[in-house]
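Q: prediction below, plus the sequence it came from.
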Amino acid sequence: MGHINVIGVASGKGGVGKTSISVNLAVSLVRRGHKVMIFDADLGLANAQIAMGCPTEYNLSHVLAGQKSLSEIAVTSQEGVRLIPGASGMQHMASLSIEESAAIVRAFSSMREEIDYLIVDVAAGLSRSVVTFMQAVQRRFIVVKDEPSSIADAYGTIKVLARECALDEIYLIPNMVESQAAGENLYRRLRDVCYKFLGKSVGYLHSVTFDENMINASRAYKSMLEYAPRGNSARDFMGLAQSLETLPPLTRVSGDIQFFVDRMVANRLGS
Ligand SMILES: Nc1ncnc2c1ncn2[C@@H]1O[C@H](COP(=O)(O)OP(=O)(O)OP(=O)(O)O)[C@@H](O)[C@H]1O
Ligand SMILES: [Mg+2]
């Protein structure tokens with residue numbers, strides 16, 4: 001097998017579509033023949049585990065307590081996505097310490113599973129654990145909606161990641177836009193601001209248009225690809241997966257701590 005692609009999905013502002021994009025991108029990649037895992041690092045309530053209709057017995061708290069390994073808590077959704085459930089419901093999990101976040105990243109590094117894409121769905125905001133996870137991934141997706149508070153938060157997130165953490169491989173994913181053209185326009189506006197004030201350019205892959213079926217799909221615990229395969233957002237998620245595939249593989253990440261590093265090295269030595 002080839003390289004592992006590790007992608008973090010953040011937004012700053014909550015409720016702009018991180019989990020929807022993580023889950024639907026994951027299903028799109030599965031349909032395109034890839035092995036995909038989501039790490040639900042969003043410890044809030046409406047998390048990926050619920051979105052995918054995956055009841056799970058064990059979660060991350062059992063890994064942190066040393067009772068289970070990541071592979072033991074992973075479940076496979078009906079649509080074929082592997083999922084590492086976050087530890088929702090545990091109060092203290094809402095803000096992991098830096099040691100706990102690092103322990104999680106290390107646990108991933110020693111996990112032996114065949115995966116092409118690992119998608120890390122992080123929480124809203126810019127807590128320490130969010131920053132740690134976004135540092136540990138190879139590519140960063142910042143989901144943004146065309147409204148002032150979301151744009152301001154997306155910019156704030158990029159500022160911290162790009163300027164303070166010196167990270168690159170940051171891509172904007174406009175969500176709930178009217179059209180691909182409107183998404184590209186939103187991207188260009190934000191890109192110009194980032195360039196002007198941060199001296200940093202951000203990348204673009206694809207936008208996701210507003211789809212009124214999204215709410216019904218999530219009520220039915222289905223992805224858009226299953227629920228409304230001919231709908232506009234299903235087409236957009238497949239387009240996003242397709243453009244993601246065209247990016248060159250990255251063999252190293254720019255942060256200090258890295259997901260899957262041991263395994264990537266082992267792969268290269270073994271192949
Ligand atoms: N492209 C879209 N079109 C229509 N509705 C959407 C779209 N994307 C997301 N939504 C809806 O917006 C709401 C928030 O989405 P989601 O839960 O994915 O956001 P989030 O960023 O993960 O939120 P949180 O910060 O709480 O984790 C959901 O009801 C979802 O169905
Ligand atoms: Mg979410």
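A: Looks like it arrived, so ask away. Just so you know, these numbers come straight off a predicted model, no measurement behind them. Residues are numbered from 1 along each chain as shown. Ligands and ions are numbered 1, 2, ... in the order given.
Q: from the stretch 1-150 of the chain, which residue is nearest to ligand 2?
A: Residue of the stretch 1-150 of the chain nearest ligand 2, by C-beta to the ion: Thr19 (3.2 Å). C-beta here means a position set from N, CA and C on the backbone, and glycine is covered the same way.
Q: hang on, isn't that residue packed against Ala51?
A: Yes: with contact defined as C-beta atoms under 8 Å, Thr19 reaches Ala51; the gap is 5.4 Å.
Q: contacting residues for the residue of the stretch 1-150 of the chain closest to ligand 2?
A: Contacts for Thr19 (C-beta atoms under 8 Å, 6 or more residues apart in numbering) come out as Asp42, Ala46, Asn47, Ala48, Ala51, Asp121.
Q: OK, contacts around the third one?
A: Applying C-beta under 8 Å, 6+ apart, one finds that Asn47 lies in contact with Thr19, Asp40, Pro85, Gly86, Ser88, Asp121.
Q: ok, the fourth one next?
A: Neighbour list for Ala48: Thr19, Ser22, Val23, Ile38, Asp40, Asp42, Leu83, Pro85, Gly86, Asp121 [criterion: C-beta under 8 Å, 6+ apart].
Q: cool, the fifth one as well?
A: Contacts of Ala51 were listed using C-beta under 8 Å, 6+ apart, and they are Thr19, Ser20, Val23, Ser218, Tyr221.
Q: distance of it from Ala182?
A: Remark: distance between Ala51 and Ala182 (C-beta to C-beta, to the nearest Å) = 25 Å.
Q: quick one: the residue of the stretch 51-200 of the chain found nearest ligand 1 and Phe133, what's the gap?
A: Here the stretch 51-200 of the chain gets closest to ligand 1 at one residue, Ala124, 3.6 Å apart by C-beta to the nearest ligand atom. To Phe133, Ala124 is 13 Å away according to C-beta to C-beta.
Q: among the two, which residue is more densely surrounded?
A: Phe133 (28 against 18; other C-beta atoms under 10 Å).
Q: does that one touch Ala41 like I think?
A: Yes: contact criterion C-beta under 8 Å: Phe133 and Ala41 qualify, at 5.3 Å.
Q: between the two, what contacts are shared?
A: Val120, Val122.
Q: and the helix or strand in which Leu244 is found, what's buried?
A: According to DSSP states H and E, Leu244 maps onto helix 232-245. Applying a neighbour-count criterion of 16 or more other C-beta atoms under 10 Å, the buried positions in helix 232-245 are Asn232, Ser233, Ala234, Arg235, Asp236, Phe237, Met238, Gly239, Leu240, Ala241, Leu244.
Q: restrict these to contacts with ligand 2.
A: Here nothing survives when the buried residues of helix 232-245 are matched to ligand 2 using C-beta under 5 Å from the ion.
Q: between these, which sits nearest Lys200?
A: In terms of C-beta to C-beta, no member of those lies closer to Lys200 than Leu244, at 20.7 Å.
Q: who touches the nearest residue to the closest one once chain neighbours are set aside in this structure?
A: Distance criterion C-beta to C-beta, 6 or more residues apart in numbering; nearest residue to Leu244, sequence neighbours excluded, is Leu205 at 6.1 Å. Counting by C-beta under 8 Å, 6+ apart, Leu205 makes contact with Tyr171, Ile173, Leu240, Ser243, Leu244, Leu247.
Q: and the least confident of the contacts of Thr19?
A: Note: of the contacts of Thr19, the lowest pLDDT belongs to Ala46, at 51.
Q: could you list the low-pLDDT ranges of the protein?
A: 1-2, 43-46, 88-95, 251-257, 260-271 (pLDDT under 70).
Q: which parts of the lengthiest helix in it are buried?
A: Under DSSP state H, the helix in the chain containing the largest number of residues is helix 180-198. By neighbour count on 16+ other C-beta under 10 Å, the buried set for helix 180-198 is Gln180, Gly183, Glu184, Asn185, Leu186, Tyr187, Leu190, Arg191, Cys194.
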